[in-house]
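Peer 1: Next one to model:
(chains A and B)
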Amino acid sequence: SQQGEEDPQALSIQEGENATMNCSYKTSINNLQWYRQNSGRGLVHLILIRSNEREKHSGRLRVTLDTSKKSSSLLITASRAADTASYFCAQRAKAAGNKLTFGGGTRVLVKP
Amino acid sequence: DAGVTQSPTHLIKTRGQQVTLRCSPKSGHDTVSWYQQALGQGPQFIFQYYEEEERQRGNFPDRFSGHQFPNYSSELNVNALLLGDSALYLCASSLANGVLNYGYTFGSGTRLTVV
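Peer 2: Model prediction:
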């Protein structure tokens, strides 16, 4: 089974709206990363947040991390049709060496 | 600056056959990881190579093996293919001393279909 889970599994919004997705995980982490995947192709790294950080921004992306609740959220503001993709969180767990453990992803559809 | 390159893009094999997938890491990266992604699921870690040795392995059978060459490129070999091996195989490269602060660079993947 996978280390984390994303919620919701799917999300449909209108262009210009904000999209929020959440990720929960089970063990202590060194960092948590978010990736985007278009149409079943390669993953693109979006943002990395370390375990001692609580919030991070990159352009229209905002990531929060709550280690006490073992959860993270990704907010995409002012969404665009090009943001249509699957979004995955991945944890680098302290006891898991260098591997990344992915959740099942959130499929986001942004309608024009 | 080229990113991660994987070949081939698509592959169709018959049950019982063997397959080799190839990966060239991003320039400057020294570590290669392989992931298997079944349709509709998140990627699952297969193994990671550093300094031409398997450094870490996920929960995959011995039918899955790999190699890293002196130029940091890598191969994933799968023997005795099963229908369940059909998936997108992703290669990711990274810098060994940067894993705490930097994400991985993924290739576009190899879509393997076993019939």
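Peer 1: can we go C-alpha only for contacts and neighbour counts from here?
Peer 2: Fine.
Peer 1: Would you tell me which residues of chain B are close to chain A?
Peer 2: Contacts of chain B with chain A, taken as CA under 8 Å from any CA of the partner chain, map to B:33, B:40-45, B:48, B:56, B:88, B:90, B:99-109.
Peer 1: Let's see that with 10 Å instead.
Peer 2: Applying CA under 10 Å from any CA of the partner chain, one finds that chain B approaches chain A through B:4, B:33-35, B:37-48, B:55-58, B:88-92, B:96, B:99-111.
Peer 1: Selection in ChimeraX covering whichever of those residues are buried, please.
Peer 2: Buried members of these, defined by 16 or more other CA atoms under 10 Å in any protein chain shown, are picked up in ChimeraX with:
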select /B:4,33,34,35,37,38,42,43,44,45,46,47,48,56,57,88,89,90,91,92,99,100,102,103,104,105,106,107,108,109,110,111
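Peer 1: show me where pLDDT drops low in the chain?
Peer 2: Reading this off chain A. Low-confidence segments of chain A (pLDDT under 70): A:1-4.
Peer 1: actually chain B
Peer 2: For chain B, the stretches with pLDDT under 70 are B:1-2, B:99.
Peer 1: Any idea which residue of it lies closest to chain A?
Peer 2: Going by CA to the nearest CA, chain A is nearest to residue B:108 of chain B, at 3.8 Å.
Peer 1: what's that residue in contact with, if anything?
Peer 2: By CA atoms under 10 Å, 6 or more residues apart in numbering or on different chains, the contact list for residue B:108 reads A:37-38, A:40-44, B:3-7, B:9, B:88-92.
Peer 1: And it, its phi and psi?
Peer 2: phi -80, psi -10 (degrees, to the nearest 10).
Peer 1: what does residue B:104 give?
Peer 2: Backbone torsions of residue B:104, given as degrees, to the nearest 10, read phi -90, psi 150.
Peer 1: That one reaches residue A:91, doesn't it?
Peer 2: No. At 11.9 Å, residue B:104 and residue A:91 do not qualify as touching, with contact defined as CA atoms under 10 Å.
Peer 1: Tell me the residues that contact both of those two, please.
Peer 2: Counting by CA under 10 Å, 6+ apart, the residues touching both residue B:104 and residue A:91 are A:33, A:48, A:100.
Peer 1: does residue A:104 sit in a helix, a strand or a coil?
Peer 2: coil (DSSP: H, G, I helix; E, B strand; the rest coil).
Peer 1: Any idea how many residues pack against the closest residue to chain B within chain A?
Peer 2: With CA to the nearest CA as the measure, residue A:42 is the residue of chain A nearest to chain B, at 3.8 Å. Neighbourhood size, residue A:42 [other CA atoms under 10 Å in any protein chain shown]: 22.
Peer 1: Right, I'll call it a day here.
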